[in-house]
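In: Sequence isn't available, so here's the structure alone:
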């Protein structure tokens, strides 16, 4: 058993294997602190994960970490928090979240931001950041679960924008009406099965996010110019040249 702190919450993990302990090394905190969330995994849950995973021959220790992540995600909404499948990049004190369907190039686009901005760009999390409302502001936090690139930093920043990535022949950035694109946006949130979490609370948090945070379409080519276009649009290079497009 050990404890981590993520998104300002103390989480007690009653683990069976060392894998998840090593995975969470950068987030460990004192075992004496009162825990906000406690998670453990049964042998039956590990077996179910192995049998139902899309990949084959998964190790039991890895599957334990997957189940732990899911249980933590399920426990977050009462704390005004949730997990969003996206890449979160902090630049100049604000977080920019990039979401896309699998295979579109979210990780590649994140890498281009890092190349274009150098040390100014810090990847908070490359795949599963935790978002939490604190004092009325939506903050984006790092977590140990961060995708195969292992991009994560134990830090946080207020969310400045949610960007929906789309491949295109030409680069462009423009605002969209998030509520008209709920069918596209909803799959990027961790939505557990019935009875596992207060779904009404989770839906309320998502509604708050989409009301508070501006959402943009990022049409991009598969090269660094796509990141440069987005960076200029958000004024992160001091450029005043922005693309002006009507809502989708």
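Out: Perfect, I can see it now. Just so you know, these numbers come straight off a predicted model, no measurement behind them.
In: Strands of this protein, residue ranges please.
Out: Secondary structure of the chain (DSSP state E): strands at 2-6, 9-14, 28-29, 37-40, 81-83, 87-91, 94-99, 121-125, 130-134, 137-141, 156-167, 172-175, 215-220.
In: now for those strands, which one comes closest to residue 186?
Out: For residue 186, the closest of these is strand 94-99, at 10.8 Å, according to CB to CB. Any C-beta I mention is one placed from the backbone N, CA and C, and that applies to glycine too.
In: elements contacting the closest one?
Out: Strand 94-99 sits against strand 87-91, helix 106-117, strand 137-141, strand 156-167, with contacts defined as 3 or more CB pairs under 8 Å, 6 or more residues apart in numbering; DSSP states H and E.
In: ends of stretch 189-209, how far apart?
Out: End-to-end distance for stretch 189-209, by CA to CA, to the nearest Å: 12 Å.
In: which residues touch the residue nearest to residue 110 when sequence neighbours are not counted?
Out: Among residues not flanking residue 110 along the chain, residue 87 sits closest, at 4.4 Å (CB to CB, 6 or more residues apart in numbering). When the contact criterion is CB atoms under 8 Å, 6 or more residues apart in numbering, the partners of residue 87 are 97-99, 106-107, 109-110, 123, 125-127, 129, 151.
In: Give me the neighbour count for residue 209.
Out: Neighbour count for residue 209, taken as other CB atoms under 10 Å: 21.
In: And residue 143, by the same measure?
Out: Residues within reach of residue 143, counting by other CB under 10 Å, total 24.
In: before we move on, the earlier item: most packed of the helices and strands packed on strand 94-99?
Out: Burial of the helices and strands packed on strand 94-99 is given as mean neighbour count (mean count of other CB atoms under 10 Å); strand 87-91 ranks first at a mean of 26.
In: Stretch 171-182 - what's its average pLDDT?
Out: The average pLDDT within stretch 171-182 is 95.
In: Can you list the buried residues in it?
Out: For stretch 171-182, the buried set under the neighbour-count rule, 16 or more other CB atoms under 10 Å, comprises 171, 172, 173, 174, 175, 176, 178, 181.
In: Just the terminal-to-terminal distance for that stretch.
Out: Start to finish, the residues bounding stretch 171-182 are 23 Å apart (CA to CA).
In: picking that back up, check the contacts of residue 87 against residue 138 and report the nearest one.
Out: Using CB to CB, residue 97 comes nearest to residue 138 of the contacts of residue 87, at 9.9 Å.
In: quick one, what contacts that closest one?
Out: Residue 97 is in contact with 84, 86, 87, 88, 89, 129, 140, 159, 161, 162, 163, counting by CB under 8 Å, 6+ apart.
In: Tell me the spacing between residue 74 and residue 224.
Out: 38 Å (CB to CB, to the nearest Å).
In: More neighbours: which of these two?
Out: Between residue 74 and residue 224, counted using other CB under 10 Å, the more crowded position is residue 74 (20 against 15).
In: quick one on the thing from earlier: residue 36 is nearest to which of the helices and strands packed on strand 94-99?
Out: Set against residue 36 and scored by CB to CB, the helices and strands packed on strand 94-99 come closest in strand 137-141, at 13.6 Å.
In: Compute the inter-axis angle for that closest one and strand 130-134.
Out: Relative orientation of strand 137-141 and strand 130-134, computed by axes from the mean of the first three to the mean of the last three CA atoms, to 10 degrees: 150 degrees.
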